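1. Fold the following for me, if possible:
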Amino acid sequence: MLKGLRAATEAYVEEPLTAVGISTPFHVPHQGWLDNTLSTSVESLCLRYFRTRRASTSITGIYGLEGQCLNDWSATPDERELDDPPKMYLAIDYSMAGITVTLVEENCGIAEALREYRNAILGARINFPGKRENLARQLEHLLRPIDRWYPEVGDYQVPVDISELVLLGESTEDAVLHEVLLDVFGSDYHNLKNQSDKRARLHHPLFAGSRAAAMICQWRLEYELTWEWNEQFHWWVPKDTQREEQKWWWPFKHSS
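-> Predicted coordinates:
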């Protein structure tokens, strides 16, 4: 299959393929059996393996969900107030193979999966008594308040406020799924659905995760062309940086 995909890709873009990134609905543990199997298969074709990416957290870039923040550690609190606040979104990957629902928190371009629910029995086109009620119950459980800890406050429960609904997979228009979403979100459903539909017109839900993985691969390859790992400072520095200027990138290591 990988040989066929490689041949089709190279024929379409008219350039040789050098690296592979794979999108999955769920997290694939590093050096687990699936990760090792994929790595062996990709490297057998003399290609670089850039691991798998969970679609629900990697699509923030292509869907415009990344928050804009001032990337300066020395910024003052007043300057930090201009940063976009953290937000939560719900990503649902729905297909005949099953459903994966991920509660994601995005903060300054970094997406973190807070909770995840996977079930192969609740996949599209699989009907049985109580399926709708079961799915609604699982979604409501996933959206329960988040336990957090704050200094001088201690344990605290943060309500889950969903700002975006991200639908992925081949069955995003499934009628039962949207009936459940309407039950769960109530009056907020229509606005969330409209925003989701706008994103789907930019990147089809079936291919959005793969496109995001490909863009991350491209960014990494471009990064490696202009940056290099410095063993002395244990840090990445621009390739054209003179040695005497490298102390600016990692002054602590330089002084030691």
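
2. When you work out contacts or count neighbours from here on, use the C-alpha atoms and nothing else.
-> OK.

3. Give me the below-cutoff pLDDT ranges for the stretch 51-200 of the chain.
-> Applying pLDDT under 70 to the stretch 51-200 of the chain flags the ranges 71-75, 77, 79-80, 150-155.

4. So which residues of it form helices?
-> Under the criterion DSSP state H, counting those that start in this stretch, the stretch 51-200 of the chain contains helices at 55-58, 77-80, 131-142, 175-185, 189-202.

5. Please report phi then psi for the closest residue to Lys131 other than its chain neighbours.
-> Closest residue in space to Lys131, ignoring its immediate chain neighbours: Leu122 at 6.8 Å, by Cα to Cα, 6 or more residues apart in numbering. As for Leu122, its main-chain torsions (degrees, to the nearest 10) stand at phi -90, psi 20.

6. Tell me the spacing between Leu122 and Asn134.
-> 8 Å (Cα to Cα, to the nearest Å).

7. So for these two, which residue has more residues nearby?
-> Leu122 (21 against 12; other Cα atoms under 10 Å).

8. Go ahead and confirm the more buried one touches Ile99.
-> Yes: with contact defined as Cα atoms under 8 Å, Leu122 reaches Ile99; the gap is 6.3 Å.

9. So which residues make contact with stretch 216-228?
-> Ala19, Val20, Gly21, Phe50, Trp236, Val237, Pro238, Lys239, Asp240 (Cα atoms under 8 Å, 6 or more residues apart in numbering).

10. 7 Å instead, please
-> Stretch 216-228 is contacted from outside by Gly21, Phe50, Trp236, Val237, Pro238, Lys239, using Cα atoms under 7 Å, 6 or more residues apart in numbering.

11. To what extent is the fifth one buried, counted in neighbours?
-> Counted with other Cα under 10 Å, residues neighbouring Pro238 total 16.

12. Just the pLDDT for it.
-> Pro238 is assigned 79 on the pLDDT scale.

13. any idea which helix or strand comes after the longest helix along the chain?
-> Using DSSP state H, we find that the single longest helix of the chain is helix 208-226. For helix 208-226, the succeeding helix or strand toward the C-terminus, using DSSP states H and E, is strand 227-230.

14. So the residue lying closest to Ser41 once chain neighbours are set aside versus Glu43, what's the distance?
-> Once flanking residues are discounted, Ser41 sits nearest to Leu2: 7.8 Å by Cα to Cα, 6+ apart. Applying Cα to Cα, the value for Leu2 to Glu43 is 11 Å.

15. now swap in Gly67 and tell me
-> Applying Cα to Cα to Gly67 and Glu43 gives a distance of 35 Å.

16. Those two: who's more crowded?
-> When Gly67 and Glu43 are compared on other Cα under 10 Å, the one with more neighbours turns out to be Gly67, at 18 against 13.

17. you'd agree the more buried one is up against Lys87?
-> No: contact criterion Cα atoms under 7 Å: Gly67 and Lys87 do not qualify, at 8.5 Å.

18. Show me what the spatially closest residue to Tyr117 that is not a sequence neighbour bridges to in the sheet.
-> Take Tyr117 and drop its neighbours on the chain: the residue closest to it by Cα to Cα, 6+ apart is Val101, 5.1 Å away. For Val101, the beta-bridge partners are Ile92, Tyr117 (DSSP bridges).

19. what's the burial count for Val101?
-> 24.

20. Next: the one 3 residues further on.
-> Close neighbours of Val104, defined as other Cα under 10 Å, add up to 22.

21. got it, and the one 3 residues further on?
-> Applying other Cα under 10 Å, we find 19 residues neighbouring Asn107.

22. From Val104, how far out is the closest residue to it other than its chain neighbours?
-> Of all residues beyond its chain neighbours, the one nearest Asn107 is Pro86 (4.5 Å), with distances taken as Cα to Cα, 6+ apart. Taking Cα to Cα as the measure, Pro86 falls 10 Å from Val104.

23. ok, now Leu2?
-> Distance, Leu2 to Val104, using Cα to Cα: 30 Å.

24. Walk me through the domains of the chain.
-> Split into domains by automatic domain parsing, the chain comes to 2-56+213-224, 67-203, 228-255.
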